[in-house]
Structure formats: C-alpha cells, structure tokens
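> okay, structure incoming, though there's no sequence with it:
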C-alpha cells in the first residue's frame, strides 16, 4: 500500500478531511511532512574540551565531552529549533507489534529510541518549526564491539524486513518497508536506513510516516539519529547531521587525547 501513497496528495487529502487540525493530530499524534532542503552548515568547534575519564563501556569521552559532541540547532540552521518534546506519532504509529521477530526488534528499537541497542548517554531533540518533523541525535553508551554488532544487525534489515505488516495498540494495520539509505563516508563504520510506515484508518484516511535512521562509530564512540515526519523526509538534514556529528565527535576525541 505504501507505494501507492503520494506525499503531496497525502498532505492535501489529510488537510481536506481535517486530520492536520487539532482533533486529528491528537487522535494519532501525527506530524506534518518535511519538504524544505537543508544546506550543509559549517561546524562550530568547542572553544575548550573537558578532559576524558575512564569508563567501563569503552568510551574515551567524559560525560562533559559527550555533551559537547552533540549537534545543536545552530548546526542545521532555520527552521530547526530545540524540541518541544517527543513527537506524538511515536505512540500513534511506532508502538506496534508484528509476528516477525527481527522486525519486532526494529519496531521496539524505534519506539524506545535505542538504535544502538541500549540507552543513550546524552541526547538532543530538534524540531522543524515549519513542518513539525523531528530529529533526535544521541551519543551511545556501548562498547565498540557491541556497536559493530548493532550496525551489522541494522544492515540485515533491508533483506529480513524489506516489507512486513504490524498492528498498533489501537488496532491500526500498518505496512512497513525498510531499505538501505546512503550516508557520508565518515567515521569507522556506519549504517543508514529509511523506514516507511503506511496505514489506513477504518474511515479511509491514509497515513505515511517516513524515518531516516543513521548509526555511526567513530573510534570507541558512536552516535545514532532518527529524522522523521509525515510523508517524505528530505535526506539533506540527515546527511548534514551525520557529517557534522562525526567530524565533531572525532575532533573532541582528538582534543581529549591531546590533553592526556
């Protein structure tokens, strides 16, 4: 069903039936589709880098360094702003079940925001104020071997979960598609995916959530991000966040080693 949904037509139909008004958004917690491209910004280097301390998860970064490695709203520029909270489509569309074990693992990782297989050390959320798309970026707290295992698992999903069905807690039937997505050649290992979640309500209203996923290891540290919204999500913001995030993380790691 997803292949038949056109983003522009979807937006017009949702507007016509009032789904994008307050009542519809509250019902399923959906956000507007992102449509504007995002240029690659310049990188703001921290003026000073806190010293690193030893950690049991293998990271070379202190908590202060991990915080400094996060991207910010100024990196992506307007219309991105500090988040107003978790996107409400998370409960509306990602809290779902499927009979395929590997695909259920993916849905659980998307809902819990744990692409690297565990809670993040630090996280930042950014909202597109114009379209209500949301980007969530996190520095992981996993050993390099565990990160590589997570990346290897993500790489299998376009084959194992290329197309599957799921059911939300409210009984909405979903068609899910997973495919590879290109990322900049940064870091030591990386994996990108694009996930589409399409559904139709009993009243005939169509929904399409699109998510860019990216996970990158830089030395002993790693980050993951999701960039998601209704209908099409331009890949430029994802590319920029990955590029900036990897360069900043490498820079802070380098400064940390120089201080030792």
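Right, received. Where do you want to start? This is a predicted model, so every value here is computed, not measured.
> mind listing the helices for the stretch 151-260 of the chain?
Taking DSSP state H, counting those that start in this stretch as the criterion, the stretch 151-260 of the chain carries its helices at 235-259.
> all strands in it, in order from the N-terminus.
Along the stretch 151-260 of the chain, the segments classed as strands by DSSP state E, counting those that start in this stretch run 163-168, 173-180, 189-200, 206-218, 221-230.
> so the fourth one versus strand 173-180, what angle?
With axes from the mean of the first three to the mean of the last three C-alpha atoms, to 10 degrees as the criterion, the two stretches strand 206-218 and strand 173-180 enclose an angle of 30 degrees.
> hang on, the earlier thing: ok, which of the strands of the stretch 151-260 of the chain comes nearest residue 237?
Between residue 237 and the strands of the stretch 151-260 of the chain, the tightest spacing by C-beta to C-beta is seen for strand 221-230, at 5.6 Å. Glycine gets a C-beta too; all of them are placed from N, C-alpha and C.
> so which elements touch that closest one?
Judged by 3 or more C-beta pairs under 8 Å, 6 or more residues apart in numbering; DSSP states H and E, strand 221-230 is in contact with helix 7-17, strand 134-139, strand 206-218, helix 235-259.
> look up which residues are beta-bridged to the spatially most central residue of the chain.
Taking C-alpha atoms, centre = their mean, the centroid of the chain lies closest to residue 226, which sits 0.4 Å from it. Judged by DSSP bridges, the bridge partners of residue 226 are residue 136, residue 213.
> hmm, residue 112 and it touching each other?
No. Using C-beta atoms under 8 Å, residue 226 is not in contact with residue 112, being 11.4 Å away.
> now the stretch 101-250 of the chain, which segments are flagged as low pLDDT?
Within the stretch 101-250 of the chain, the stretches with pLDDT under 70 are 231-232.
> name the residues of stretch 150-166 that are buried.
150-151, 153-155, 157-158, 161, 164, 166 (16 or more other C-beta atoms under 10 Å).
> would you turn those residues into JSON lines with distance to residue 245?
As requested, those are exported to JSON lines (distance: C-beta to C-beta, whole Å):
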{"residue": "150", "distance to residue 245": "17"}
{"residue": "151", "distance to residue 245": "15"}
{"residue": "153", "distance to residue 245": "21"}
{"residue": "154", "distance to residue 245": "17"}
{"residue": "155", "distance to residue 245": "19"}
{"residue": "157", "distance to residue 245": "22"}
{"residue": "158", "distance to residue 245": "23"}
{"residue": "161", "distance to residue 245": "25"}
{"residue": "164", "distance to residue 245": "30"}
{"residue": "166", "distance to residue 245": "29"}
